[in-house]
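Asker: Just to be clear, the model below is a prediction. Sequence and coordinates:
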Amino acid sequence: MPIEEERKALARGLRRRDPELLDELIGRYQYRLFRYLVYICSNRETAEDLFQETWVRVLDRGHQYDGRSKFETWLFSIARHLVIDLHRRKRPQSLEALTEAEENPIQVPAGGASALDLAAARESEAGLLESLNRLPAILREVLLLRFQEDLKLEEIAVVLAVPMGTVKSRLYRGLEQLRELIEGAKP
């Protein structure tokens with residue numbers, strides 16, 4: 001089935017509130033969505049709450065998905081808006097003002113064949129995560145959407161609701177600051 005037809009079928013299913021379709025979508029996107037929320041929130045419990053709320057919104061607002069863009073772009077936009085709404089309720093600021101990670105640092109499991117590989121990967125990963133958490137939220141988010149979620153720059157612009165030039169400059173600044181943080185952490 002061509003991609004355009006698949007998206008239109010998805011849009012029709014969401015308008016019908018098809019529970020089997022929702023189960024399929026959750027199965028397909030749950031890991032990526034949850035990972036994105038954990039990185040953005042820097043708090044697992046908050047990410048779990050927002051994860052559930054995102055899927056409730058997908059069900060409630062499925063009629064708004066028209067099939068012209070990728071479903072994942074629409075899904076990440078919903079999740080992002082929920083994060084912003086949460087932080088506005090906590091304190092009147094936008095996601096851009098969230099520059100410090102919360103108390104619970106992100107823990108992402110590392111893979112490796114041996115104990116030595118696992119230890120080296122965790123040490124390297126911990127340094128990267130620490131540096132990533134020190135970036136301003138608006139830069140960290142663009143890096144996560146581009147390199148972790150593998151979204152195209154155009155899709156990131158849709159998710160963030162900003163011009164393409166803004167996405168490019170945030171990506172460049174984020175990479176530069178991340179490089180500086182990593183190089184500064186080396187002995």
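Answerer: Here it is on my side, so go on.

Asker: Now the residue positioned nearest the centre of the chain: which helix or strand?
Answerer: Nearest to the mean C-alpha position of the chain, by C-alpha atoms, centre = their mean, lies residue 36 at 2.9 Å. Assigned by DSSP states H and E, residue 36 belongs to helix 19-41.

Asker: Can you name the next helix or strand after that helix?
Answerer: helix 44-60.

Asker: Where does the prediction get shaky in this protein?
Answerer: When residues are selected by pLDDT under 70, those of the chain lie in 1, 91-127, 185-187.

Asker: got a list of what residue 154 touches?
Answerer: Neighbour list for residue 154: residue 164 [criterion: C-beta atoms under 8 Å, 6 or more residues apart in numbering]. The way it works is simple: take the backbone N, C-alpha and C, and place the C-beta from them, glycine included.

Asker: Go again with 6 Å.
Answerer: Contact partners of residue 154, counting by C-beta atoms under 6 Å, 6 or more residues apart in numbering, are absent.

Asker: tell me the SS of it?
Answerer: Three-state call for residue 154 (DSSP: H, G, I helix; E, B strand; the rest coil): helix.

Asker: what's the spacing between it and residue 80?
Answerer: 16 Å (C-beta to C-beta, to the nearest Å).

Asker: Also residue 170?
Answerer: Plainly put, residue 170 is 14 Å away from residue 80 if you go by C-beta to C-beta.

Asker: now swap in residue 149 and tell me
Answerer: 11 Å.

Asker: quick one, which of those two is more surrounded?
Answerer: residue 80 (21 against 18; other C-beta atoms under 10 Å).

Asker: Excluding covalently adjacent residues, which one is nearest to that one?
Answerer: Nearest non-adjacent residue to residue 80, counting by C-beta to C-beta, 6 or more residues apart in numbering: residue 159, 5.9 Å away.

Asker: which residue ranges form the helices in the protein?
Answerer: Per DSSP state H, the chain carries helices over the ranges 3-16, 19-41, 44-60, 71-90, 115-134, 137-143, 153-160, 164-185.

Asker: For the helix holding residue 36, buried residues please.
Answerer: Residues of helix 19-41 classed as buried by neighbour count (16 or more other C-beta atoms under 10 Å): 21-22, 25, 29, 33-41.

Asker: Same question for stretch 165-184.
Answerer: Applying a neighbour-count criterion of 16+ other C-beta under 10 Å, one finds 167, 170, 171, 173, 174, 175, 177, 178, 181 buried in stretch 165-184.

Asker: cool, stretch 154-161 as well?
Answerer: Burial within stretch 154-161, assessed by neighbour count using 16+ other C-beta under 10 Å, is assigned to 155, 156, 157, 158, 159, 160.

Asker: List the contacts of the residue nearest to the fourth one when sequence neighbours are not counted.
Answerer: Same thing as residue 158. In space, and not counting its chain neighbours, residue 158 is closest to residue 73: 5.2 Å by C-beta to C-beta, 6+ apart. Neighbouring residues of residue 73 by C-beta under 6 Å, 6+ apart: 155, 158, 159.
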